[in-house]
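Participant: Quick check, what structure comes out for this input:
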Amino acid sequence: MLTSDQQEVTCVNFVTDEMIEMRWRNKEEFIEVSGRTNVVIAAYTTAQARLKLHSYLDKLGDRVLYADTDSVIFTAKQGEWEPPLGDYLGELTDEVPANNITHFVTGGPKNYAYKLQKPYSDGNQTVCKVRGITLNYKNALSINFDAVKDMVTTSEKKTITVVDEHKIIRDSKSSRVITGQQSKDYRIVFDKRVIVSDYKTLPYGY
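Facilitator: Numbering: from 1, shown residues only. Purely as a prediction, here's the structure:
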């Protein structure tokens, strides 16, 4: 298996002098395509979703503050056009119903925070979302609206390290699920567009 062109060995564990545990996976070019999948339909569905989102972005113009695969955050004033809301396919839902976002900051894809006009029932008036980091009470003390805003507005490259003392992980040697310590670094990563004056952005090649 170590010399195979079709498999890639990911882990080798010497259990005893006469026994070896080996974990492997098929290389992408040797994975058999299921007869129940259709790449064309998958690509078409994704393309239609992007076109639907683009139709909203095109009408909103430079009012857009942030956009992802299925969401858009924008500024809104009295009398300005807003995307229709609904519960059906292709329609948007309000992320903060009966409320308004007064301050917004983003540090990149799936990394943003905002301040609300009215606090939630639990007293929180700010929301922070970061992909890959669980924002429990302890982590939220370090990564929050004010922290993201400070890292975005300063020219100094900062890093915030959070430690999860009770992360459920798998021990590859013992093949057991255990509770261990895991640390993650948070930093601003923005390489999708070119940042110009006043924190506005332009696409590459504009």
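
Participant: Need the contact partners of stretch 27-47.
Facilitator: Stretch 27-47 has contacts (C-beta atoms under 8 Å, 6 or more residues apart in numbering) with 5-8. Quick note: C-beta positions are derived from backbone N, CA and C, even for glycine.

Participant: Just send those residues back as JSON lines, with secondary structure too.
Facilitator: Shown next, in JSON lines, are the contacts of stretch 27-47 (DSSP: H, G, I helix; E, B strand; the rest coil):
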{"residue": "5", "secondary structure": "coil"}
{"residue": "6", "secondary structure": "coil"}
{"residue": "7", "secondary structure": "strand"}
{"residue": "8", "secondary structure": "strand"}
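
Participant: so which of these comes closest to residue 157?
Facilitator: Of all the contacts of stretch 27-47, residue 157 sits closest to residue 8, with 34.9 Å by C-beta to C-beta.

Participant: number of nearby residues for the closest one?
Facilitator: As a burial measure, residue 8 scores 14 neighbours (other C-beta atoms under 10 Å).

Participant: need the helices for the protein, in chain order.
Facilitator: 39-60, 137-140, 145-153 (DSSP state H).

Participant: export these to CSV and tack on mean neighbour count?
Facilitator: Below are those laid out as CSV (neighbours: other C-beta atoms under 10 Å):
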stretch, mean neighbour count
helix 39-60, 12
helix 137-140, 14
helix 145-153, 17
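
Participant: any chance you could map the strands in this protein?
Facilitator: Using DSSP state E, the strands assigned to the chain run over residues 7-14, 20-26, 64-68, 71-74, 101-108, 111-116, 126-130, 160-171, 176-186, 194-195, 201-202.

Participant: relative to helix 145-153, how tilted is the fifth one?
Facilitator: Put simply, strand 101-108 runs at 50 degrees to helix 145-153, going by axes from the mean of the first three to the mean of the last three C-alpha atoms, to 10 degrees.

Participant: Which positions within strand 101-108 qualify as buried?
Facilitator: 101, 104-108 (16 or more other C-beta atoms under 10 Å).
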